[in-house]
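Chemist: dropping a prediction and its sequence here:
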Amino acid sequence: MKTYIGALCLVLILFSCKEKQVTFVDDIAPMVYRSCSPCHRPNQIGHFNLLTYEDVKLSSAQSLFTMQQRIMPPWPADPKYRHFVGENILTQNEINLFETWVKTGCALGDSSRIPAIPKFPEGSLLGVPDLRIPIKPIQLKDDYEDQFLLIKVPFEIPQDTFMRAVEFVPGNTEVVHHVNGDMVKFDFTKKKNVFDGDLVSPMKLDSTIKMAYQKIGILQDDGSYPTLSKSVVNYLPGVIAQQYPDGIGGWKLNRKNAFLLADLHYGPSAKNVWDSSYINIFFAKNPPARPFQEFQMGTLGVSPIIPDLIIPPGKISTYTTRYKLPRAISLVTINPHMHLLGKSFKAYALPPDGGDTIPLIHIPKWNFNWQNFYTFEKLLPLKAGTIIVVEGVFDNTANNPFNPYHPPREIRDNMGSMKTTDEMFQFIVTYLPYQQGDENVSLRR
């Protein structure tokens, strides 16, 4: 009797396993279309497509390895420390499912039920923009040199309005490293032609900056400066432009405007190439009730780095920076920033009353190629007197595969140099002045 029952159980188990075969149609496609395809499609940052069954099967071994190593999909922040809007993380069960699919032959499943490939907006990760503005094409030479350019991106609209989101889209992802861009709003009566000037100039932080502004046509016709809104459009590898609920954030647009890309950074190139990037604008129906404010800690910021960011060769070194809040604020989005020697990054807040430490972000394995802007799930209030502490670990040893020098040499921030081979240690904070009830305000759009 026991033998019969055992045999019956074995049959049921085998039947169950057969019924639960992992297939592309039922199990893999939904996962890939959600977490991989948005970047792995034509004209996006992924360098191969993950759209069809054939695409996914062809790269299945490589994809499995990057999933198991938590390299892909890219989400450097530790979800056990703090959650953010838009987390792109595969669960361990999903990774195990993909592994089973690969090891059992990458079964297609019922071909009559293959899900349709998602329809992604062309040239955007956010959607269909209301306005797309091309940036003057830039030619890069094969000189292995970093380039930092000051660029004006002018445009006109029929009437004053508001925008809720701005998206920088790199034309050549192999050379575009980062962008920090402001919004210039011209007085309609003081700027006849917003398209005047050379539009492009080398970026130099010295006494010639006004001459550069004149060269690219930033000044108004009477020589005065237009209105400037700081840090409106930004880009780093892996960054998706932030979108917020109505009434939070956003900017006013005049009829005559320009984006001022204060430092469009191109990394070293081994060949002559062109870049034709552009900017997408998404309009808002209503004016922003609460415009954003911003500060940055560390390099070129409001708080010093201790000790000075001078990283000796052959060592792993830790640096900190602290800032005491002069007033109560509500955190919206944070952006950690380091270069090639970065090893790990952590930020937390110490309440003035001695309460529990407030975790902000932990990136246990820093990756220079994936630097996100992280938006909290809700506004995160911090009291006046709260101390924000940021800790950065830098690896200047030969064991660091990203170290730009072999053998290692001393590396420092060089007065805020943005060169890839120099270093930076920054924590950029976007916030709102605190209002009662902020702790209940969701930042999910």
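Modeler: Structure's in. What do you need?

Chemist: show me what contacts residue 334?
Modeler: 347, 360-361, 373-374, 376, 427-430 (CB atoms under 8 Å, 6 or more residues apart in numbering). To be clear about C-beta, it is placed using only N, CA and C from the backbone, and glycine gets the same treatment.

Chemist: just the pLDDT at it, thanks.
Modeler: Predicted confidence (pLDDT) for residue 334: 95.

Chemist: for residue 376, see how far away it is.
Modeler: Computed as CB to CB, to the nearest Å, the residue 334 to residue 376 distance reads 8 Å.

Chemist: what about the strands in the stretch 1-150 of the chain?
Modeler: Shown for the stretch 1-150 of the chain, the strands assigned by DSSP state E, counting those that start in this stretch span residues 131-134, 138-140, 147-156.

Chemist: just to revisit the earlier point, can you add neighbour count and give the contacts of residue 334 back as JSON lines?
Modeler: Listed next are these as JSON lines, based on neighbours: other CB atoms under 10 Å:
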{"residue": "347", "neighbour count": "23"}
{"residue": "360", "neighbour count": "24"}
{"residue": "361", "neighbour count": "22"}
{"residue": "373", "neighbour count": "21"}
{"residue": "374", "neighbour count": "21"}
{"residue": "376", "neighbour count": "19"}
{"residue": "427", "neighbour count": "26"}
{"residue": "428", "neighbour count": "19"}
{"residue": "429", "neighbour count": "23"}
{"residue": "430", "neighbour count": "20"}
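
Chemist: picking that back up, please identify the most buried of the strands of the stretch 1-150 of the chain.
Modeler: For these, the largest average neighbour count (mean count of other CB atoms under 10 Å) is found in strand 147-156, namely a mean of 20.

Chemist: report the mean per-residue pLDDT for it.
Modeler: The pLDDT scores in strand 147-156 average 92.

Chemist: and the residue nearest the centre of the chain, what does it touch?
Modeler: What sits nearest the mean C-alpha location of the chain, by CA atoms, centre = their mean, is residue 239, with 2.1 Å. Contacts for residue 239 (CB under 8 Å, 6+ apart) come out as 371-373.

Chemist: rerun at 10 Å
Modeler: By CB atoms under 10 Å, 6 or more residues apart in numbering, residue 239 lies in contact with 45, 125, 167-168, 178-179, 335, 370-373.

Chemist: which parts of the stretch 101-250 of the chain are helices?
Modeler: Ranges of helices within the stretch 101-250 of the chain are 209-216, based on DSSP state H, counting those that start in this stretch.

Chemist: which residues does the residue lying closest to residue 306 once chain neighbours are set aside bridge with?
Modeler: Spatially, and ignoring its direct neighbours in sequence, residue 306 is nearest to residue 320 (5.5 Å; CB to CB, 6 or more residues apart in numbering). Beta-bridge partners recorded for residue 320 (DSSP bridges): residue 306, residue 391.

Chemist: give me the distance between residue 320 and residue 304.
Modeler: Residue 320 is 10 Å from residue 304, by CB to CB.

Chemist: re earlier: between residue 334 and residue 376, what contacts are shared?
Modeler: 82, 84, 360-361.

Chemist: of all the residues you listed, which two lie farthest apart?
Modeler: 84 and 360 (10.3 Å; CB to CB).

Chemist: need the overlap of contacts for these two.
Modeler: 77, 334, 374, 376.

Chemist: and what about the second one, helix, strand or coil?
Modeler: Spelled out, it's residue 334. Using DSSP: H, G, I helix; E, B strand; the rest coil, the secondary structure recorded for residue 334 is strand.

Chemist: measure it to residue 221 for me?
Modeler: 40 Å.

Chemist: on that earlier part again, what do residue 320 and residue 304 both touch?
Modeler: Common neighbours of residue 320 and residue 304 (CB under 10 Å, 6+ apart) are residue 298.

Chemist: tell me the contacts of residue 87?
Modeler: Contact analysis of residue 87 by CB under 10 Å, 6+ apart lists 73, 75, 77, 79, 374, 377.

Chemist: check the gap between it and residue 118 for me.
Modeler: Distance of residue 87 to residue 118, computed by CB to CB: 19 Å.

Chemist: got the domain ranges for the chain?
Modeler: Following automatic domain parsing, the chain resolves into domains at 2-113, 131-284, 293-440.

Chemist: in stretch 197-217, which residues are buried?
Modeler: For stretch 197-217, burial by neighbour count (16 or more other CB atoms under 10 Å) applies to 197, 199-201, 203, 212-213, 215-217.

Chemist: circling back to that earlier point, state the pLDDT value of the residue nearest to residue 306.
Modeler: 98.

Chemist: now it: how far from residue 38?
Modeler: 36 Å.

Chemist: please apply the same query to residue 68.
Modeler: Distance from residue 68 to residue 38, by CB to CB: 21 Å.

Chemist: those two - which one has more neighbours?
Modeler: residue 38 (18 against 15; other CB atoms under 10 Å).

Chemist: quick check: that one vs residue 371, distance?
Modeler: From residue 38 to residue 371 the distance is 18 Å (CB to CB).

Chemist: now swap in residue 387 and tell me
Modeler: Counting by CB to CB, the gap from residue 387 to residue 371 is 24 Å.

Chemist: of those two, who's got more company?
Modeler: Using other CB under 10 Å as the criterion, residue 387 and residue 371 rank with residue 371 on top: 23 against 15.

Chemist: let me know whether that one touches residue 340 as I believe.
Modeler: No. Using CB atoms under 10 Å, residue 371 is not in contact with residue 340, being 11.9 Å away.

Chemist: which parts of the stretch 201-350 of the chain are strands?
Modeler: Under DSSP E, counting those that start in this stretch, the stretch 201-350 of the chain gives strands at 227-235, 251-253, 256-266, 273-275, 278-284, 293-298, 310-311, 316-324, 329-338, 342-350.

Chemist: okay, these in CSV with distance to residue 191 next?
Modeler: Formatted as CSV, those follow (distance: least, CB to CB, whole Å):
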stretch, distance to residue 191
strand 227-235, 11
strand 251-253, 14
strand 256-266, 5
strand 273-275, 27
strand 278-284, 19
strand 293-298, 26
strand 310-311, 45
strand 316-324, 38
strand 329-338, 31
strand 342-350, 41
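
Chemist: so which of the ones you listed comes closest to residue 100?
Modeler: With CB to CB as the criterion, residue 100 lies closest to strand 342-350 of the strands of the stretch 201-350 of the chain, at 32.3 Å.

Chemist: that closest one to strand 316-324, inter-axis angle?
Modeler: 30 degrees (axes from the mean of the first three to the mean of the last three CA atoms, to 10 degrees).

Chemist: could you check the angle strand 293-298 makes with strand 342-350?
Modeler: 120 degrees.

Chemist: got the buried residues for stretch 236-251?
Modeler: 236-239, 241-244, 248-251.

Chemist: can you pull the contacts of residue 36?
Modeler: Contacts of residue 36 by CB under 10 Å, 6+ apart are 46, 49-51, 55-56, 59, 63, 66-67, 72-73, 88, 90.
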